[in-house]
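>>> 3D, please:
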Amino acid sequence: MIKVKTKLNVDLKARGRKVISSVTEVDLGDDRPVRPKLHRVTKLMALAIRFQEMLRTGEAHDLTDLARMGKVSQPRMSQIMGLNLLAPDIQRELLDLPPQGRGKPFLHEKRIRPITAILDWAEQRRAWAEMLTQQAEFESATEAS
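This next block holds a predicted model:
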């Protein structure tokens, strides 16, 4: 169990001025198993597929409708929906990514966005393979340091 205690000391000075100092204790003795965390891009890919289905069935009329329901801007909704333009095998790989480790992940939606702009699936697959090679190099360099 993670316990975080924060103690605030507030001293009231003349004329309403306050001096606040804090003391924080952190106990990281966690006995619970850590649940694996899904990549954000995996969640976004699943959302894009779900949103596409909502458009197909008529639950939403257009991207503006979806953006309003998702409480995001219309341009952001367009970015998310762009993931549907990826080749089906790339979409499957995004959905099947292994759980995320600690730290910032190499694969994220902004890095994948240029691939979604490529219309030819063969070219997308080539760019995807190149990105996976870069990821492997990045991870091996990170582990070495």
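
>>> Return the set of buried residues in stretch 48-66.
Counting neighbours by 16 or more other C-beta atoms under 10 Å, one finds that the buried residues in stretch 48-66 are Ala48, Phe51, Leu55, Ala60, Leu63, Asp65, Leu66. Every C-beta, even on glycine, is put in place using the N, C-alpha and C of the backbone.

>>> Roughly how far does the first one sit from Leu95?
Noted for Ala48: a distance of 10 Å to Leu95, by C-beta to C-beta, to the nearest Å.

>>> Can you find the helix or strand of the chain with the lowest average pLDDT?
strand 18-27 (a mean of 57; mean pLDDT, DSSP states H and E).

>>> which other helices and strands contact the longest helix that the chain contains?
Looking across the chain with DSSP state H, the single longest helix is helix 121-144. Contacts defined by 3 or more C-beta pairs under 8 Å, 6 or more residues apart in numbering; DSSP states H and E place helix 121-144 against helix 88-95, helix 109-116.

>>> Serialize those to JSON lines and add fields for distance to Gln135, mean pLDDT and mean neighbour count.
JSON lines is the format used below for the helices and strands packed on helix 121-144 (distance: least, C-beta to C-beta, whole Å; pLDDT from 0 to 100; neighbours: other C-beta atoms under 10 Å):
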{"stretch": "helix 88-95", "distance to Gln135": "12", "mean pLDDT": "95", "mean neighbour count": "15"}
{"stretch": "helix 109-116", "distance to Gln135": "9", "mean pLDDT": "92", "mean neighbour count": "15"}
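
>>> and of those helices, who's closest to Val72?
helix 109-116 (12.6 Å; C-beta to C-beta).

>>> Fine, thanks again, bye for now.
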